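> sharing a model prediction with you, sequence too.
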Amino acid sequence: METFTLATVSLIIAISLIIYKKNDPVQLSFAALCLAVFVHKAGAFVHVVLGIEFFSLIENLGLISIPPLVIRFCRYFLKNRTLFSKDDIASTALFSLAIALIFFTPLYRFPYLNILLNLYIAYVIGLSYLSLIAYIRKIADSVEKRRMGYLAIAFPIAMLLSAFDVFYYYGFGFPPLSNLVVAALLYFILLIIAYPHLTELHELMAKALVVSIITAFAVVLFYLVIGLFGRTARLPFTHVLVACFTIVISISPFRIILEKIFSAIYPESKDVFTSLYALDAKLEKERALLLEEMAPVFAHEIRNPLGSIKGAAQYLRSETDTGENKRLLDVIIEEVDRLNGVVSQFLDYAKPLMINLKAQDINVIIERAVSIIKANNVSGNITLEMDLNPKIQNLVVDGEQIIQVILNIAFNAIDAMPEGGTLRIRTSKARIIGETTEGVGILIQDTGKGIKKEDMKNIFKPFFTTKERGVGLGLAVCQRIIKNHGGYIRVKSIPGRGTIFYIRVGSVQRGKHL
């Protein structure tokens, strides 16, 4: 059953990668490797179940195809900085072909052939692991180095767990683990290469944990349904677990295949596979488009009477001699200006946000923003600290919009420190796997009053504010700008101790807009 599990997992991983990423050489090479593992393990499983010698040949052919595919994947994955040369792919392919020809000769019965074959594969995998270690040591501290480090730790753990198969073969009653461990390792590599935005180990583990929880739920549901119809079905728990796990990880690629088929047969049935939550998101998008169309009309209808009110108030102020009347008219003029500002912010939020992209030094942009912050910090009781990484490469961004994001967050931070405090701004490298340029992390930290736990989930929602005269669009606009630059904003806050905004920005394509 463990062999069947590995065969199934490797096949589903390969299909998923082929469906989702057709032009990524890293993912396609890993898909080819997983297909080879599938052929090897599927041949072994059918050979054991049916006892047909032909499938033993399939098993061995799948096995000897693994070394050149491992080298190919390793070179793509490590950006050609490996212990293998490009010629090693061809040489191992020819060597594997020579071994394949042996299977059709009497030498196939050579007793040590399987041992030599396993040593050959172990040699290639061992050099691949050493290449990974060398690559990690060469690259600078970054998100990529941390993610590669997770993989470097996973390999020896997998080897150690697989070594326990020795106890199984010598009859100690210990269950075989190697196939399950390899399946888990392949899935972990899939998370590394397919989800570059998951930068922390707990994030990667959380992704795997979601699959595990859904699988466990499916197993419990299965036994509950079986229990309702009596106890005639006595299926082994491991068989049910493997079946449920297979179904869970097969849902996404199977759904994509069905969508492609239905799109070809019924081009107009676009919402057939859309869930209720996705429909809600679609409705939200339609509301945003409606808001974009209505906003100019709405603003025009409000600004016209506001202009009349302000003009009348200004005229009356110039004609009155009473100090109290002048004060009241000043209040009217001030509130009209404030409402006009609210309308302007509403228009800025509703209209599509166009970006003017060009290669710029993020540190220079930060320094420009800091100079504006210092000029507006009239209280003078805020200590401003900067830690800008000088090794950050230029990024393709809209400098003015990045400044707007920094200013919005920084001024919010200053408002949160009415009695003074420290505002820190730091930049760091944040390499994004799959991008040709490095991303940049921007950290903005204050020592203010913090954000309440119940408010954290709402801070990026339009028109949500905790200020008495706030509009609640500042952070919503910031999030739109950063998303439009291919990045994201994360927030951590402890009430009474301060707040940290972490912004990651990478390169984006020109002409993109919200």
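Now that the structure is in, tell me what you want to look at.

> residue contacts, residue 413?
423, 444, 445, 446, 448, 499 (Cβ atoms under 8 Å, 6 or more residues apart in numbering). For every residue, glycine as well, the C-beta is placed using N, CA and C.

> what about it, distance to residue 422?
10 Å (Cβ to Cβ, to the nearest Å).

> ok, residue 25 next?
Residue 25 is 46 Å from residue 422, by Cβ to Cβ.

> correct me, but residue 36 touches residue 64?
No - in terms of Cβ atoms under 8 Å, residue 36 does not count as a neighbour of residue 64; the distance is 9.0 Å.

> by mean pLDDT, point me to the weakest helix or strand of the protein.
helix 165-169 (a mean of 67; mean pLDDT, DSSP states H and E).

> what's the host helix or strand of residue 18 packed up against?
Here residue 18 sits within helix 2-20, counting by DSSP states H and E. Applying 3 or more Cβ pairs under 8 Å, 6 or more residues apart in numbering; DSSP states H and E, one finds that helix 2-20 makes contact with helix 25-50, helix 178-194, helix 237-265.

> could you tell me the angle between the first one and helix 178-194?
What that stands for is helix 25-50. Interaxial angle of helix 25-50 relative to helix 178-194 (axes from the mean of the first three to the mean of the last three Cα atoms, to 10 degrees): 160 degrees.

> beyond helix 25-50, next helix or strand please.
By DSSP H and E, the next helix or strand past helix 25-50 is helix 53-64.

> dump the C-alpha coordinates for that next one into CSV.
C-alpha atoms of helix 53-64 as CSV (Å, rounded to 0.1, in the frame of the first residue of the first chain):
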residue,chain,number,x,y,z
GLU,A,53,7.1,-10.1,-15.1
PHE,A,54,6.6,-7.4,-17.7
PHE,A,55,5.8,-4.9,-15.0
SER,A,56,9.1,-5.6,-13.3
LEU,A,57,10.7,-4.4,-16.5
ILE,A,58,8.5,-1.2,-16.3
GLU,A,59,9.6,-0.8,-12.7
ASN,A,60,13.3,-0.9,-13.6
LEU,A,61,12.9,1.3,-16.7
GLY,A,62,11.3,4.0,-14.4
LEU,A,63,14.1,3.6,-11.9
ILE,A,64,17.0,4.1,-14.4
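
> and the helix or strand following that helix with helix 178-194, angle?
Using DSSP H and E, the helix or strand that follows helix 53-64 in sequence is helix 66-77. Between helix 66-77 and helix 178-194, the angle comes out at 30 degrees (the same axes, to 10 degrees).

> what mean pLDDT does helix 66-77 have?
The average pLDDT within helix 66-77 is 88.

> now the helices and strands packed on helix 2-20 as JSON lines including mean neighbour count and mean pLDDT?
Converted to JSON lines, the helices and strands packed on helix 2-20 look like this (neighbours: other Cβ atoms under 10 Å; pLDDT from 0 to 100):
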{"stretch": "helix 25-50", "mean neighbour count": "20", "mean pLDDT": "85"}
{"stretch": "helix 178-194", "mean neighbour count": "20", "mean pLDDT": "80"}
{"stretch": "helix 237-265", "mean neighbour count": "15", "mean pLDDT": "71"}
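
> possible to save these as CSV with distance to residue 409?
Converted to CSV, the helices and strands packed on helix 2-20 look like this (distance: least, Cβ to Cβ, whole Å):
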stretch, distance to residue 409
helix 25-50, 35
helix 178-194, 31
helix 237-265, 36
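
> of those helices, which is nearest residue 212?
helix 237-265 (8.5 Å; Cβ to Cβ).

> tell me which residues of the strand or helix carrying residue 428 come out buried.
In this structure, residue 428 sits in strand 421-431 according to DSSP H and E. Neighbour-count burial for strand 421-431 flags 421, 423, 424, 425, 426, 427, 428, 429, 430, 431 (criterion: 16 or more other Cβ atoms under 10 Å).

> can I get stretch 371-390 as CSV, trimmed to CA atoms?
Below are the C-alpha coordinates for stretch 371-390, written out as CSV (Å, rounded to 0.1, in the frame of the first residue of the first chain):
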residue,chain,number,x,y,z
SER,A,371,12.6,64.0,4.6
ILE,A,372,8.9,64.7,4.2
ILE,A,373,8.1,63.0,7.5
LYS,A,374,10.7,65.2,9.3
ALA,A,375,9.3,68.3,7.7
ASN,A,376,5.8,67.4,8.9
ASN,A,377,6.8,66.2,12.4
VAL,A,378,6.0,69.6,14.0
SER,A,379,5.8,68.1,17.5
GLY,A,380,9.5,67.2,17.3
ASN,A,381,9.1,64.4,20.0
ILE,A,382,9.5,61.5,17.6
THR,A,383,12.9,59.8,17.2
LEU,A,384,13.3,58.6,13.6
GLU,A,385,15.7,55.7,13.0
MET,A,386,16.7,54.4,9.5
ASP,A,387,18.6,51.2,8.6
LEU,A,388,18.8,51.0,4.9
ASN,A,389,20.6,48.0,3.3
PRO,A,390,23.1,49.5,0.7
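
> just how off-centre is that stretch within its chain?
32 Å (Cα atoms, centre = their mean, to the nearest Å).

> run through who's touching that stretch.
Residues contacting stretch 371-390 (Cβ under 8 Å, 6+ apart): 363, 366-367, 370, 403, 407, 410-411, 414, 417, 419-429.

> and if you look at stretch 74-82?
25-26, 29-30, 71, 84, 86, 89, 128, 131-132, 134-135, 138, 193.

> mind doing that once more with 7 Å?
25, 26, 29, 84, 128, 131, 132, 135, 138, 193 (Cβ atoms under 7 Å, 6 or more residues apart in numbering).

> re the thing from before, could I get the average pLDDT for the helix holding residue 18?
79.

> so what angle separates the directions of it and helix 178-194?
20 degrees.

> quick one: helix 2-20 to helix 53-64, angle?
60 degrees.

> which parts of the chain are strands?
Ranges of strands in the chain, per DSSP state E, are 358-360, 382-387, 395-397, 421-431, 438-446, 488-494, 498-505.

> so which of the ones you listed comes closest to residue 222?
strand 488-494 (37.6 Å).

> any idea of the mean pLDDT for that closest one?
pLDDT averaged over strand 488-494 gives 89.

> what sits up against it?
In contact with strand 488-494 (Cβ under 7 Å, 6+ apart) are residues 450-451, 456, 459, 478-479, 482, 499-504.

> with only the CA atoms kept, save it in CSV.
Provided in CSV are the C-alpha atoms of strand 488-494 (Å, rounded to 0.1, in the frame of the first residue of the first chain):
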residue,chain,number,x,y,z
TYR,A,488,2.0,42.5,0.0
ILE,A,489,1.7,44.1,3.4
ARG,A,490,1.6,42.3,6.8
VAL,A,491,0.9,43.8,10.2
LYS,A,492,1.8,42.8,13.7
SER,A,493,0.8,44.8,16.7
ILE,A,494,0.8,44.6,20.5
